[in-house]
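Q: sequence-free structure coming up:
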């Protein structure tokens, strides 16, 4: 049998990608705000959606992003090869 809980916690799922640019910090700020505004009323789960739930190659997006951030020439090559739609 299940017990009746008059004050159940609300589940909050925060999806983010730890690619840089403050995504994790933003997720942590959201967690802190929820806990401050709704103390002991929320159950928060933060998930790095790309790394934890996608298959290759998307699961390697974080690693690829960090590599390209260190070596901008690769960023430029990727950008230039994908910015135009196929014309033929």
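A: Looks like it came in fine. Computed from a predicted model, the values in this text were never measured in an experiment.
Q: okay, CA-based contacts and neighbour counts for the rest of this
A: Fine.
Q: ok, and for the strand or helix carrying residue 45, which residues are buried?
A: Following DSSP states H and E, one finds residue 45 within strand 42-48. For strand 42-48, a neighbour-count test (16 or more other CA atoms under 10 Å) marks 42, 44, 46, 47, 48 as buried.
Q: that one: what's the following helix or strand?
A: helix 49-53.
Q: helix or strand right after that next one?
A: Under the assignment DSSP H and E, the closest C-terminal helix or strand after helix 49-53 is helix 61-70.
Q: counting by contacts, list what that next one packs against.
A: helix 49-53, helix 72-82 (3 or more CA pairs under 8 Å, 6 or more residues apart in numbering; DSSP states H and E).
Q: which residues outside whichever helix or strand residue 15 is part of are in contact with it?
A: Counting by DSSP H and E, the element that carries residue 15 is strand 10-16. For strand 10-16, the surrounding residues in contact (CA atoms under 8 Å, 6 or more residues apart in numbering) are 23, 24, 27, 41, 42, 43, 44, 45, 46, 47, 48, 49.
Q: right, I'll leave it there.
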